[in-house]
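> here is my input; please provide its structure:
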Amino acid sequence: MLGIALSSLRHRGSAFMAAFVAMFLGAAVVSACGGLMETGIRLAIPPDRLAAASVVVTGDQSYEIPQAAPAAKSAGGEEDEEEEEESEWVTLPERVRLDAGVTDKIAAVPGVARAIGDVSFPAAVADGLRATGHGWGSAELTPYTVSSGTPPTRPGDVVLDAGLAAEASVGTGDQVRISAGGTTGTYRVSGLVTPPGDREVAEAPVFFLSADVQNLTGRGGKVDAVGILAAAGVDAEELGARVRTALAGQGAVVLTGDERGRAEFLESAVGSESLITLAGVFGGLLIIVVIFVVASTLGLSVHQRQREMALLRAIGTTPGQVRRLVLGEAMVMAVFAAALGSVLGPYLGGWLFDRLAGAGMVPEKVVFHQGWIPALIAVSVSLVTSFAAALVAARRAALAKPTEALADAALEPVKIGWFRPVLAVICFAGGIALAMVTMLVMEGPQAAATAGPAVLLWAIALALLSPVITKGMVAVLSGPFRRISAPSGELAVTNARTRIVRVAAAVTPIMLATGVATANLYVQTTQVAAGERAFVESLRADAVVTSPSGGLAPGLLDRVRAVPGVTAASEFVTSTGFVESPYDAGTPEDGWQLRGATAEGAAQTMAMTVASGAITDLRGDTVALTAEHARRLSRKVGDTITMRLGDRSRVDLRIVALLSAGPGAETVVLPARLLAAHTTAGLPTQILVRTTPDADLDRLSEAIGGLGAQVSGRDALIAAHGEQEQTQAWVNYLLVGMIIVYTAISVVNTQVMTTTQRRREFGLQRLTGATPRQVMEMTGVEAALVAVIGIVLGTFASLVSLVPFSIAVSGTPVPSGPVWIYLVVVLIATVLTLGATWLPTWLAMRVRPAEAAVAAY
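Purely as a prediction, here's the structure:
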């Protein structure tokens, strides 16, 4: 039967084109998502400023979230194997630094020529030009060479990147104002440096004397990383292994090759986790959609050949031979489609990665990498899906008697068996369960994790029952559609009622495209609107003070409070942390959101309601929790908890206040100075300011203008937050759009396939007196009927997912977002359906009626 299958594919390629396109594009998009995930896992970042270092050592940014209370551990102090298997690791958000003594220990390792401790801190040159400060010794790690002047020799000397100096319009011997470490001072430019060749460094450097670095950072000799220059003839990988052995158990990570860039771009680790999660979630959704579309398209392709299958049975072909024929055709087609799709996948994945990097989701220095594993997954999904779909599609024709098969070719009774209803009930139950979880369990943005899969479950359930549902909806809509165009409408409705199975197959991709598009687009708009609303409600400050150098001077808060019109001010810091003792079973996946505030001014500038205790006691090693959080921990005001902060530091904190907070708004508040000391910047990054209604923010700007600080009003804060929300939403729109485009293509495929197969019918109609215009009107009414049914079912599938999500996120069943989004989705679905129907019909009209009437099916 393989020879017959190959002959069938060769001579009737147009009949299989729709299924081939679905398999090809499905393999491409699955492969692309696999490439994104592989890129996140590999996290290859070629070194930039540390390119001359053969090996780089940095602090371990990974942290194991506590998974069980101490009582759950065994008597020997070891956790049960089951608990060990459930361990979860996260990436700490703040720089985990190394003790200065690590540098000396590394220098003693055989094969190390030099070990250079590197310290990095944000700086701003002249009128706010962004730069990064380092000690002069770090220049050798690039290596930078002095192109003018000399290295720094005394306190107050700096060496600037030549490009940065040109932007600041300064040269050797000039004075330049630099903001760093929360202070602004005047420094002498002792020299200029340039990187080797044409290399461009992401952050322009400013090199200070070591004593100045210590004064600006106050890190007690700790370093961000250690760059290792290998001795002549020493292999970098071998040297890295020696260093790992020497530093075993000291919380250090040894990086070689393209891993070295991770030490420079701290945000890359967090970005890689986001990329892995995003690729996993959307890749999973894509696989489900691909399986769904390929199975539907291939099933329709086989169903349209019922007469051919009937003739094969009539001449003695056994059911097994028919089954092998269909399977052979499908698998040969799937192999070629999957192979071509896996070739396109890396290009599509690279394009998507560039868009994500441009949106700031991952550092642009990360290198996109796609190996053979994503291609293997894409090919496997295509082959397995095609095999299963072909097996199901061939079953009816293979098992039916020849006379029944021939009858089925002329009239299509609705037979769905017992398996489809059972599976549909399971999907309906899953959709209802996810809706309940979304409304009752999920909070805030987490609700999107269940809303997305829910719409697919509802869509699959409706698709499984689509022949029955379509038959009922055709009966309901037959009256109005008959009256659209009397003769053409009557014939269109009659065609639909006698070809329910084919109509249902055409309805399915429209329903899927409408449901997925509507649900996912309004999930984003609702989430963005809820985030903006929560931000505005929580923003009690009228202005915020920031610094281009990333940190604010310790004395700046008092200066701000002294400005006329300022009624309250509080330093503000954000980070992430974990409660280690007592055991916190409710720890979010990425840790608790930590906020640092000043005791005097916190209540006036931040949205918080104190249930017990006093927020004015937030000094030293103290903390304020929400009342619900404290209840889960069995703690009250005056008790102590132990937290692991973002830089891995472990601190004991006394509870001084309990706060009231709504669902999804739980946070942990610490003193600003305490939290800032455990962040990468090391200083508060903002000062929230509350003013009188008639206060002049220009006066505040003038009062602190000489300290390297900037003032932004409330409207600017809201606008900046909105831009950030929209950027994240844009990333999701991009990936959701890929799913929508794929389903839209399946809509076109299905309509073209079903219409093209009717050339003989159109020819007979024209021979009996129908004009081309009447045939076009008839197919237009049929397409409109299909579009209406698909849009209604898709809208239903989206609503039963959106309403629970909207209740969980915003407390109302009505999703947020403009109505025009839904209208555009409906318009696109309608235009695609009509266009994909009219184009092949118009092409069929160009064939002479007599020739079309005798054409083979």
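
> number of residues surrounding residue 416?
Per other Cβ atoms under 10 Å, the neighbour tally for residue 416 reads 15. In short, each C-beta sits where N, CA and C put it, glycine included.

> what's the answer for residue 277, then?
Residue 277 has 14 nearby residues by other Cβ under 10 Å.

> now name the helix or strand holding it.
Assigned by DSSP states H and E, residue 277 belongs to helix 267-303.

> I'd like the next helix or strand past that helix.
helix 306-314.

> what packs against that following helix?
Applying 3 or more Cβ pairs under 8 Å, 6 or more residues apart in numbering; DSSP states H and E, one finds that helix 306-314 contacts helix 319-358, helix 372-399, helix 402-410.

> rewinding a little: starting at the chain centroid, how far to the helix holding residue 277?
In terms of Cα atoms, centre = their mean, to the nearest Å, the centre of helix 267-303 is found 13 Å from the chain centre.

> can you check stretch 696-713 too?
Taking mean C-alpha positions (Cα atoms, centre = their mean), stretch 696-713 and its chain are 37 Å apart.

> how about that stretch, which residues are buried there?
By neighbour count on 16 or more other Cβ atoms under 10 Å, the buried set for stretch 696-713 is 697, 700, 701, 703, 704, 707, 708, 709, 711, 712, 713.

> contact partners for the fifth one?
So that's residue 704. Under the criterion of Cβ atoms under 8 Å, 6 or more residues apart in numbering, the neighbours of residue 704 are 545, 556, 559, 560, 563, 711.

> go on, the first one?
Contact criterion Cβ under 8 Å, 6+ apart gives 543, 691, 711, 713 as the residues in contact with residue 697.

> hmm, the first one is touching residue 709, no?
The reference is to residue 543. No. If you go by Cβ atoms under 8 Å, residue 543 and residue 709 don't touch, sitting 11.4 Å apart.

> circling back to that earlier point, can you check what angle separates the helix holding residue 277 from helix 306-314?
Taking axes from the mean of the first three to the mean of the last three Cα atoms, to 10 degrees, helix 267-303 and helix 306-314 form an angle of 60 degrees between their directions.

> helix 267-303: which residues count as buried?
Going by neighbour count (16+ other Cβ under 10 Å), the buried part of helix 267-303 is 268-276, 278-279, 281-283, 285-303.

> give the contact list for residue 703.
For residue 703, counting by Cβ under 8 Å, 6+ apart, the contacting residues are 559, 560, 562, 563.

> number of residues surrounding the closest residue to residue 288 other than its chain neighbours?
Distance criterion Cβ to Cβ, 6 or more residues apart in numbering; nearest residue to residue 288, sequence neighbours excluded, is residue 456 at 5.5 Å. Look at residue 456: counted by other Cβ under 10 Å, it has 25 neighbours.

> I figured residue 456 hits residue 291, correct?
No. Here residue 456 lies out of contact with residue 291, judged by Cβ under 8 Å, at a distance of 10.5 Å.

> contact partners for the residue nearest the centre of the chain?
Nearest residue to the geometric centre of the chain (Cα atoms, centre = their mean): residue 278, 3.4 Å. By Cβ under 8 Å, 6+ apart, the contact set of residue 278 is 36, 356, 361, 731, 735.

> swap in residue 850?
Applying Cβ under 8 Å, 6+ apart, one finds that residue 850 lies in contact with 763, 767.

> and it, that one's in a strand?
No. Under DSSP: H, G, I helix; E, B strand; the rest coil, residue 850 falls outside any strand and is assigned helix.

> find me the pLDDT at it, would you?
You'll see residue 850 listed with a pLDDT of 71.

> with residue 835 instead?
Looking at residue 835, the pLDDT reads 89.

> so what's the spatially closest residue to residue 252 that is not a sequence neighbour bridging to?
Leaving out its chain neighbours, the residue that sits closest to residue 252 by Cβ to Cβ, 6+ apart is residue 57, at 5.3 Å. Per DSSP bridges, the residues bridged to residue 57 are residue 226, residue 254.

> can you list the residues that contact stretch 778-786?
474, 477, 481, 484-485, 488-489, 491-493, 495-496, 503, 506-507, 510, 751, 755, 765, 830, 833-834, 836-838, 841.

> identify those among those that sit within strands.
Judged by DSSP state E, strands contain none of the contacts of stretch 778-786.

> name only those of the residues you listed that count as buried.
For the contacts of stretch 778-786, a neighbour count by 16+ other Cβ under 10 Å gives the buried set as 474, 477, 481, 484-485, 488-489, 491-493, 495-496, 503, 506-507, 510, 751, 755, 765, 830, 833-834, 836-838, 841.

> farthest-apart pair in the contacts of residue 697, please.
Pairwise distances across the contacts of residue 697 peak at 10.6 Å for 691 and 711 (criterion: Cβ to Cβ).

> can you pull the residues that touch both of those two?
Residues touching both residue 691 and residue 711 (Cβ under 8 Å, 6+ apart) are 543, 697, 700.

> alright, calling it a day.
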